[in-house]
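*Asks:* build the 3D model from these lines:
(chains A and B)
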Protein chains: 2
Amino acid sequence: MLTYSLENTNGLPIYKYLYECIKHDILLGTLQAGEKLPSKRRFAEHLKISIITVENAYAQLIAEGYLYTVEKSGYFVSHIEKMPPAEKKHAPLPEKTTEISYFLDFKTNHISEENFPHATLSRLMRNALSEKDGLLRPLAYNGVKELRDAIAGYLRDFREIHVASEQIVIGAGTEFLYNLIIQLLGRDKTYAVENPGFQKIAKIYELNNIRFRYVDIDRAGLSVQKLREEETEVIHISPTHHYPTGIVMPIQRRQELLRWASEREDRYIIEDDYDSEFRFSGHPIPPMLNIDTHGKVIYMNTFSKSIAPAVRISYMILPPALLEKYRATMSFYSCTVSGFDQYMLAKFIGEGYFERHLNRMKTLYRTKRDTVIEAIEKSKFANKVTILEENAGLHFLMRLDTKTPDQEIVRRAAEVGIRLSFLSEYTHEPTPNDAHVLVINYSGIDTDKLDEGIRRLEEIL
Amino acid sequence: MLTYSLENTNGLPIYKYLYECIKHDILLGTLQAGEKLPSKRRFAEHLKISIITVENAYAQLIAEGYLYTVEKSGYFVSHIEKMPPAEKKHAPLPEKTTEISYFLDFKTNHISEENFPHATLSRLMRNALSEKDGLLRPLAYNGVKELRDAIAGYLRDFREIHVASEQIVIGAGTEFLYNLIIQLLGRDKTYAVENPGFQKIAKIYELNNIRFRYVDIDRAGLSVQKLREEETEVIHISPTHHYPTGIVMPIQRRQELLRWASEREDRYIIEDDYDSEFRFSGHPIPPMLNIDTHGKVIYMNTFSKSIAPAVRISYMILPPALLEKYRATMSFYSCTVSGFDQYMLAKFIGEGYFERHLNRMKTLYRTKRDTVIEAIEKSKFANKVTILEENAGLHFLMRLDTKTPDQEIVRRAAEVGIRLSFLSEYTHEPTPNDAHVLVINYSGIDTDKLDEGIRRLEEIL
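*Replies:* This next block holds a predicted model:
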């Protein structure tokens, strides 16, 4: 009779070990298709184990299809392909090359960590997690009502944006929301992105096999003249503070674009208002949404800039007709942000912490920007640079008076531990006109390292 | 000279009120294009306010493009389209009809809330939020290493799944991961879904304009014979516990499908292991991933079932070749799960809470299932039903001996407050053979209401 030594089971329960032994023999072909196995009782006696142990092993093998039963006859080996047992080890795959650690990084959009409201968020999260009611239920497509209400209230009180909280759809980051918008507006459209602009948008369209084009910007933002050169249905713009140029789109251009959109039913404008909170003088620029009388603007914003990049909560505001369509065709999607995160953020906004946090961060960023600009203006290369900035946002431009190619400067800076990026990196098919303009992302840098960083830049510039 | 009464500014700062007044007049055409505005000094004197107040108002109007300056000449009204000022109110949109509240709901996949580890999660979240280092930095495409390591460790220790943590990609829910998989595998492929099956998958393919087909299942799961009838590249299956039939795919069928996949380079199998944790006897069924020697299986799982639907954390395991492709083309996407959620879950799994929670839930669900089945077997309609179940998962099937159409039974049950769903709802083009089989989702029901619920069903069955 079939015999296995059960003295050393490698810490497995005996039924499990017996199951493994039999499975192993079936896969290797030692036990052949159609072969009859001992009855539970006889096998148990033979192996000096309990009948229930054999029964459990057989049950698992039957569940997985290795054995089958014939009533009143017994247990038989199934007809299966012989194969080596499952491998226990996979060759470890190297992690994607981790990013080089720079002494000072002017490229990555980090945030200042100084003022992160750890304690408040911890407390609000604890509240959210203990508010059992509703916390565990499946989420609606558009997110938790409390959060949508809090966002609508914040927009009304601090941004003069008046929308119904039902128009808001919460999602795990704007990149994810773009994927939804493509599904909402359709793949048969031509999409346009700003050139230069935020490169990820184009990548997302590419991965979605969407027809898209780059439309050049001029001093007022996306050029309507260029836009009209080819059939286009959907444009993606950041009129409040264009990335990376920082251009604020004036009211005329906004009106022109809205007029363009209102000429045809399937034209839409995606307004990305990603860092509109950080305007250092006056009040925030009102979004195009506010002058959209034809339901043409999909407004988006995110908490990645205003709280932290690791907070994956964004939202879009849909005009009523698109909302209807969304509900009809896409509301089967669950919201992608965990319920407790949404309750936490609802309280963070609703109880006024968000606005206070923004004010603190605005002060911090303004000071940081001033410190960076002052250090540049005091540096030995001060006479070789022109700073272009709009008193807003978490980056500014700096034109270099140089003949050295951008790539070469990036390389030399990296050698001394400084990460730089040029406008040309954000431009599709850059021309010589796009050269020599640095994009300085200052929000995440450690100002204690600034003097040393500038000294190193002095060496190479 | 231009005059505004600044006595009542509606609580606005004076500069803001003045800005609003001028903007209003420009938009209405009262101030015309090219018109010159008073100098800051004269306007300030006239309105009896400070020069800086006028300056701030002008600065904001310039920033938004309503005014322009001519050096040494002054401030002029821009040429813009006349339009009514932004509306302050939007007609409120009705919320999507909220779901009817049922006395007892056998359709929705709720979970039992009894054992939700609020306190543990709160504590771990507090730890995560105070672990400042790295918390705020942008997330890598595949998620936080700590969480991927914890999942790989859990899979190794409790599921005998041996993968490198680098193969794991974290995402905000499996629906989102499907959208990524489509982008990874390509839109030029034909995808297949199980029929009957989880209907959302087909909807996602539809919204993505992806060619897909329904492939019938037989008693062993997806039929390879049917699959081979048409060119197909990617199949989506749930071999461990098919939804809604509960079928466990036997080893033979798994081998056949893997053989089908290995015949062509562009064929892949998406293995959805969504409720594999809840097997009530023996140990979990090993996934197809474990016998995949050709890198053909993309394994997915979620914490929505094992922790709560409102926890939007899922993951997929990519075979090495697809991982390479993902890194090359899709790693610009930020991970969609917030950093602190990932750190929290990493600790929840890594410190053994997850396994303990699963064991508690398994016991709870088994008891619940037994209670429901017992109540049915004691009911007046016991002789009219046959229960079909696999000792696993959070639902079972119940065949009704009736001639009444499924829809009619659903309607009658709803009238007495009971929500039912039939297998035919999960079937594309159902045939008479698919009729009269109820899908009983018992995991979220309140067993205190069971007796009354059964009594009501007795009335209508």
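*Asks:* stretch A:303-322 - what's its average pLDDT?
*Replies:* When pLDDT is averaged over stretch A:303-322, the result is 93.
*Asks:* how long is that stretch end to end?
*Replies:* Looking at stretch A:303-322, the gap from its leading to its trailing residue is 23 Å under the measure Cα to Cα, to the nearest Å.
*Asks:* got the buried residues for that stretch?
*Replies:* When neighbours are counted by 16 or more other Cβ atoms under 10 Å in any protein chain shown, the buried residues of stretch A:303-322 are found to be A:303-319, A:322. (Each C-beta comes from the backbone N, C-alpha and C, glycine too.)
*Asks:* so which of those sit within strands?
*Replies:* Judged by DSSP state E, the buried residues of stretch A:303-322 include A:Ser314, A:Tyr315, A:Met316, A:Ile317 as members of strands.
*Asks:* quick one: the third one and A:Gly173 touch, right?
*Replies:* Spelled out, that is A:Met316. No: using Cβ atoms under 8 Å, A:Met316 makes no contact with A:Gly173, being 11.3 Å away.
*Asks:* quick one: common contacting residues for the two?
*Replies:* Overlap between the contact sets of A:Met316 and A:Gly173, as judged by Cβ atoms under 8 Å, 6 or more residues apart in numbering or on different chains, is nil.
*Asks:* next helix or strand past the longest strand seen in chain A?
*Replies:* With residue count as the measure and DSSP E as the assignment, chain A has strand A:211-218 as its longest strand. Using DSSP states H and E, the helix or strand that follows strand A:211-218 in sequence is strand A:221-222.
*Asks:* and the residue of the stretch 51-200 of chain A found nearest chain B, what is it in contact with?
*Replies:* Closest contact between the stretch 51-200 of chain A and chain B, by Cβ to the nearest Cβ, is at A:Gly65 (2.2 Å). Residues in contact with A:Gly65 (Cβ under 8 Å, 6+ apart) are A:Ser78, A:Ile80, B:Ala220, B:Val248, B:Met249, B:Pro250, B:Ile251, B:Gln252, B:Arg253, B:Arg254.
*Asks:* can you check A:Arg254 too?
*Replies:* Taking Cβ under 8 Å, 6+ apart, one finds A:Pro239, A:Met288, A:Ile291, B:Gly65 in contact with A:Arg254.
*Asks:* ramachandran coordinates for the first one?
*Replies:* Listed backbone geometry of A:Pro239 is phi -70, psi -30, with angles given as degrees, to the nearest 10.
*Asks:* what about the nearest residue to it once chain neighbours are set aside, how many residues nearby?
*Replies:* Taking Cβ to Cβ, 6 or more residues apart in numbering or on different chains, and ignoring the residues beside it in sequence, A:Pro239 has A:Met249 as its nearest neighbour in space, at 3.6 Å. Applying other Cβ atoms under 10 Å in any protein chain shown, we find 24 residues neighbouring A:Met249.
*Asks:* ok, A:Met249 touching A:Gly221?
*Replies:* Yes: using Cβ under 8 Å, A:Met249 is in contact with A:Gly221, at 3.8 Å.
*Asks:* between the two, which contacts overlap?
*Replies:* Residues touching both A:Met249 and A:Gly221 by Cβ under 8 Å, 6+ apart: A:Ile237, A:Pro239, A:His242.
*Asks:* now render the residues you listed as CSV, adding pLDDT.
*Replies:* Formatted as CSV, the shared contacts of A:Met249 and A:Gly221 follow (pLDDT from 0 to 100):
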residue, pLDDT
A:Ile237, 97
A:Pro239, 95
A:His242, 91
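*Asks:* ok, the helix or strand bottoming out on mean pLDDT in chain A near chain B or not?
*Replies:* Here the helix or strand of chain A ranked lowest by mean pLDDT, DSSP states H and E is helix A:118-130, holding a mean of 88. Yes: contact of helix A:118-130 with chain B is found when judged by Cβ under 8 Å from any Cβ of the partner chain, involving A:His118, A:Leu121, A:Ser122, A:Met125, A:Arg126, A:Leu129, A:Ser130.
*Asks:* touching, the fifth one and B:Leu129? I think so.
*Replies:* To tie it back to what came earlier, the one meant is A:Arg126. No: with contacts counted by Cβ under 8 Å, A:Arg126 stays clear of B:Leu129, the gap being 9.9 Å.
*Asks:* per-residue pLDDT of A:Thr9, please?
*Replies:* Looking at A:Thr9, the pLDDT reads 86.
*Asks:* can you tell me the centre-most residue of chain A?
*Replies:* Residue closest to the mean C-alpha point of chain A, counted by Cα atoms, centre = their mean, is A:Gly173 at 4.5 Å.
*Asks:* run a quick neighbour tally on A:Ile52.
*Replies:* 12.
*Asks:* the helix ranked longest in chain A and chain B in contact?
*Replies:* The helix spanning the most residues in chain A, taking DSSP state H as the definition, is helix A:353-378. No: with Cβ under 8 Å from any Cβ as the measure, helix A:353-378 is seen stopping short of chain B, the closest distance being 12.2 Å.
*Asks:* same question for stretch A:152-170.
*Replies:* Yes: residues of stretch A:152-170 are located near chain B by Cβ under 8 Å from any Cβ, namely A:Glu160, A:His162, A:Val163, A:Ala164, A:Glu166, A:Gln167.
*Asks:* okay, and the second one sits in which element?
*Replies:* The one in question is A:His162. Assignment of secondary structure by DSSP H and E places A:His162 within no helix or strand.
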